[in-house]
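Trainee: build me a model:
(one chain, ligands or ions: 3)
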Amino acid sequence: MTTEADLQAFLEIATEAALAGGAILQQFWGKLDTIQEKRPGDLVTAADQAAEAAILAVIRRHFPQHQILAEESGHLGNPDSPYLWAIDPLDGTTNYAHQYPFSATSIALLIHEQPQVGVVFDPFHQELFRAATGLGATRNRQPMHVSQTKSLSDSLLVTGFAYDRRETPDNNYAEFCHFTHLTQGVRRGGSASIDLAYVACGCLDGYWERGLSPWDIAAGIVLVQEAGGRVTAYDQSPQQLRSGRLLATNGRIHTALSQELIQIKPLVWDPPVFNAQDQT
Ligand code: IPD
Ligand code: CA
Ligand code: CA
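Mentor: Residues are numbered from 1 along each chain as shown. Ligands and ions are numbered 1, 2, ... in the order given. Next up is the predicted model:
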């Protein structure tokens, strides 16, 4: 059984790892020689790799017997362990590569597949978001709570678009238009972990996205839940971390947002042909 003291100890190590990763992101800022593409639009840099190495060193030193799922290294460690660390060393790589200062390190601990500890560190604004199940959520070590907004029309939302958006009609474009019309605005931050941290601290009221990986969202899920918010699948069924779809809100707008979301049809649209040469 995992006790409160265990969770607190895991939270401290997750924090140590997130701060180590964030320090590397600051070191590499503006100094990237090469930026590689894993697939169109999906970038990886030396900063992602170096930050991940620093984070892995911390986690492995403290918990050599645990399992790890890290974005750049994949599955590591003991596959039979109930403890799984989900690590995104640089969430917001596209922003980072363009020197748009909105990226974070995201670290979560899942116990029996349930996210229980989450830390998101944004080194560019020096913001540290932390939470663990039953221990509450903090922003720079001060308690944080979701917003009180009650209606979609008073809400400020956030979403994102997965890297397969050019290959699927399920690309979130229709949803983006729909909610831009119904609310005070929809932001596209470019870092799912910060998007969720901002829902948790109340400056955004809700977030939805598809095509996500566990390392993008596991930490943010704990932040939102512990800050008093609600996290489910789009249709309000229990959230499945590996489904890639997530709805996270302050709780008050959850049902309204879900009811809209599940009935939106893909946008009928004749998109321009994407030509990678245009980018050179
Ligand atoms: C991406 C960001 C982005 C989201 C994408 C993610 P990365 O992560 O979180 O906000 O829209 O779906 O893949 O690639 O910058 O780590
Ligand atoms: Ca990510
Ligand atoms: Ca990443």
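Trainee: around ligand 1, pick out the residues from the stretch 51-200 of the chain.
Mentor: Taking CB under 6 Å from any ligand atom as the contact definition, the stretch 51-200 of the chain meets ligand 1 at D88, D91, G92, T93, T94, G160, F161, A162, G190, S191, A192. To be clear about C-beta, it is placed using only N, CA and C from the backbone, and glycine gets the same treatment.
Trainee: and the helices in this structure?
Mentor: Assigned by DSSP state H, the helices in the chain fall at 4-28, 46-62, 93-97, 173-182, 192-201, 214-226, 254-261.
Trainee: winner for burial among those?
Mentor: helix 192-201 (a mean of 30; mean count of other CB atoms under 10 Å).
Trainee: average pLDDT for that one?
Mentor: In this model, helix 192-201 has a mean pLDDT of 98.
Trainee: now that helix and helix 214-226, what's the angle there?
Mentor: Helix 192-201 and helix 214-226 are oriented at 0 degrees to each other (axes from the mean of the first three to the mean of the last three CA atoms, to 10 degrees).
Trainee: hang on, the earlier thing: which two of the residues of the stretch 51-200 of the chain next to ligand 1 have the greatest separation?
Mentor: Spanning the widest gap among those are D88 and F161, at 16.8 Å by CB to CB.
Trainee: higher neighbour count, these two?
Mentor: D88 (33 against 18; other CB atoms under 10 Å).
Trainee: so that one sits against W215, correct?
Mentor: Yes - using CB atoms under 8 Å, D88 is in contact with W215, at 4.0 Å.
Trainee: list residues touching both of those two?
Mentor: E71, S106 (CB atoms under 8 Å, 6 or more residues apart in numbering).
Trainee: any idea of the pLDDT on the residue nearest to D122 when sequence neighbours are not counted?
Mentor: Leaving out its chain neighbours, the residue that sits closest to D122 by CB to CB, 6 or more residues apart in numbering is A104, at 4.4 Å. pLDDT for A104: 98.
Trainee: what of the one 5 residues further on?
Mentor: Each residue has a pLDDT score; the one for L109 is 98.
Trainee: the nearest residue to it once chain neighbours are set aside bridge partners, please.
Mentor: What sits nearest to L109 in space, not counting adjacent residues and going by CB to CB, 6+ apart, is V117, at 4.0 Å. Beta bridges link V117 to L109, A132, judged by DSSP bridges.
Trainee: which residues touch V117?
Mentor: V117 makes contacts with L7, F10, L11, A14, A108, L109, A131, A132, T133, A219, V222, as judged by CB under 8 Å, 6+ apart.
Trainee: tally of neighbours for the residue in the chain that ligand 1 sits nearest to?
Mentor: Among the residues of the chain, G160 lies nearest to ligand 1; the distance is 2.5 Å by CB to the nearest ligand atom. The tally of other residues near G160 (other CB under 10 Å) stands at 22.
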